[in-house]
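Visitor: Okay, here's the prediction I keep looking at, along with the sequence it came from:
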Amino acid sequence: KAGVTQTPRYLIKTRGQQVTLSCSPISGHRSVSWYQQTPGQGLQFLFEYFSETQRNKGNFPGRFSGRQFSNSRSEMNVSTLELGDSALYLCASREEVTGSDGYTFGSGTRLTVV
Amino acid sequence: GNSVTQMEGPVTLSEEAFLTINCTYTATGYPSLFWYVQYPGEGLQLLLKATKADDKGSNKGFEATYRKETTSFHLEKGSVQVSDSAVYFCALTDTGTASKLTFGTGTRLQVTL
């Protein structure tokens, strides 16, 4: 079974630009979540999608948005990039709706904003 | 709100030493508890989990017991290897918003020969 696939692995963008990151979950997994990892703030929850609906959202500005498609693939978008958006963005998928199952994470997209 | 507190790292051990990484949590209800591991340049891998009080999660020689009375989920391994060098994260999901993981700050483990 293929794991969670995130593309691209690395990205360099300029302040003010926008970026779209992609995540393909494990086949059969309908829940997809996104996390931001930085040295200063650690791992922070961005949002979670289930069956194309955003079910939960973290405390990030509206510049951060996401969506999920009917095949469960998900994208997140960051508009008007700031230097502080430089981070590792991790996507995770899960099959069931309860919290007792652990998430499976992808290898992440490392975004650098210059 | 929910929170997870982990011991500060880095933790440096010699190969075959005993490992303990402390983790305590604050949550409402009965959370599920997890340990994830992150190797350099990679994402997070689920190491083990426990979903109710007194459950013991175990995997690859690592163990952790869900202690509700002390709100703890300490990670232990009897004999570490150089290949265990990584960052370890304790995390929880609560029953109210089960779709969100709350992580600790991570503990870096370095194992030397």
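Guide: Ah, there it is.

Visitor: nearest spatial neighbour of the spatially most central residue of chain A, skipping sequence neighbours?
Guide: Residue closest to the mean C-alpha point of chain A, counted by CA atoms, centre = their mean, is A:Trp34 at 3.1 Å. Leaving aside its chain neighbours, A:Trp34 sits nearest to A:Leu46 (4.1 Å; criterion: CB to CB, 6 or more residues apart in numbering or on different chains). Yep, even glycine has a C-beta here, placed from its N, CA and C like the rest.

Visitor: So which elements touch the helix or strand hosting that neighbour?
Guide: Taking DSSP states H and E as the criterion, A:Leu46 maps to strand A:42-50. With contacts taken as 3 or more CB pairs under 8 Å, 6 or more residues apart in numbering or on different chains; DSSP states H and E, strand A:42-50 sits against strand A:31-38, strand A:53-57, strand A:64-68, strand A:74-78, strand B:102-103.

Visitor: closest one to A:Lys13 among the ones you listed?
Guide: strand A:74-78 (8.7 Å; CB to CB).

Visitor: that's a strand at B:Gln110, yeah?
Guide: Yes: counting by DSSP: H, G, I helix; E, B strand; the rest coil, one finds B:Gln110 located in a strand.

Visitor: What parts of chain A come near chain B?
Guide: Within chain A, the positions adjacent to chain B are A:4, A:6, A:31, A:33, A:35, A:42-43, A:45, A:48, A:50, A:55-56, A:58, A:90, A:92, A:97-100, A:102-108 by CB under 8 Å from any CB of the partner chain.

Visitor: Thank you, goodbye.
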